[in-house]
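S.K.: Quick check, what structure comes out for this input:
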Amino acid sequence: MFSKSILFINILSFPVINILSFSVLNVFNFKENLNKTELILIKHLKMSGTLIFKPIEAKLTHNTDIFTKMNPYVQIILGEKKVQGEVVHHGGKNPKWEDSITIHRNYEKVCFIEVKDKEKILSDEVIGVGQIDLEALKEGDNPPQWFSLHYKQKSAGEILIETNWTPYHLPHGHGHHSHHHHIHPHFKNS
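M.R.: Numbering: from 1, shown residues only. All right, here's what the predicted structure looks like:
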C-alpha cells in the first residue's frame, strides 16, 4: 500500500499530468463560462420583443405656438430608433390621439417619449420629453399611465399612454415551457 501511494504522488509530479489536469480544468471553466453566457443571452432574449405605445391624451403646459394652436405628435425613442406617431392638427395644449406606435425592443431598459409640434415650414419643435421604465412593464397590456414631460428642466405637462409588451418566447427547454405545438400553415400534421 505504502509504495503504491508514493508512486501515485510521483506520477502527479510529472509535467505531462499537470498539463492534462490544467486542460481538464479549462474545459470545466469553459463550460461554466458558456453557461454564464447562455444565461446572459437568455436574459437579453427575455428583454427582447415588441412594444406598442398608445398615446391617449396630453395636458401640455409648454406652448410652442403663440398665434396658432400646436399640432402635437408623439415620437418614441428607443436606443437608436425613432418612431413617430400621428399628428393631431390644431390639438393645442390638450391633444387626444387614436394612435399606436409599434417598435422592436432589443434589451433597452428605458425609452424616451418626445411630444413635438409639427411645423409647416421650420423644423418641428419639442414641446416636452419624458421617459418610460421598460423593466416596470408587465407582459401583455399595461393600463394607461400618466408620464411627466419636461422641457429645459421645467415641467411641460404630462401624457397618458397605454403600453403593451410582448417579449419573444424562448425555445423549449429555456425557462418557458409550453405544450402547444406550432404547425406551419403550409404543412399538414402527419
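S.K.: and residue 68, how many neighbours does it have?
M.R.: By other CB atoms under 10 Å, the residues close to residue 68 number 9. C-betas here are computed from N, CA, C, even on glycine.
S.K.: pLDDT weak spots in this protein?
M.R.: Within the chain, the stretches with pLDDT under 70 are 1-46, 170-190.
S.K.: mind listing the strands for it?
M.R.: Along the chain, the segments classed as strands by DSSP state E run 49-60, 72-78, 81-84, 101-105, 110-117, 125-133, 140-151, 154-167.
S.K.: Please identify the buried residues of the shortest one?
M.R.: Within strand 81-84, the residues that qualify as buried are residue 83, counting by 16 or more other CB atoms under 10 Å.
S.K.: Packing partners of that strand?
M.R.: When contacts are defined as 3 or more CB pairs under 8 Å, 6 or more residues apart in numbering; DSSP states H and E, strand 81-84 sits against strand 72-78, strand 101-105.
S.K.: Strand partners (parallel or antiparallel) of the shortest one?
M.R.: Going back to what we said before, that points to strand 101-105. strand 49-60 (antiparallel) (DSSP bridges).
S.K.: and the angle for the strand it pairs with with strand 154-167?
M.R.: With axes from the mean of the first three to the mean of the last three CA atoms, to 10 degrees as the basis, strand 49-60 and strand 154-167 are set at 160 degrees to each other.
S.K.: tally of neighbours for residue 129?
M.R.: 18.
S.K.: contacting residues around it?
M.R.: For residue 129, the residues meeting the contact criterion (CB atoms under 8 Å, 6 or more residues apart in numbering) are 112, 113, 114, 115, 149, 150, 151, 156.
S.K.: Kindly report the domain assignment for the protein.
M.R.: Here the domain parsing of the chain from automatic domain parsing is 2-46, 49-167.
S.K.: Pretty sure residue 133 sits against residue 110.
M.R.: Yes: between residue 133 and residue 110 there is a contact under CB atoms under 8 Å: 5.8 Å.
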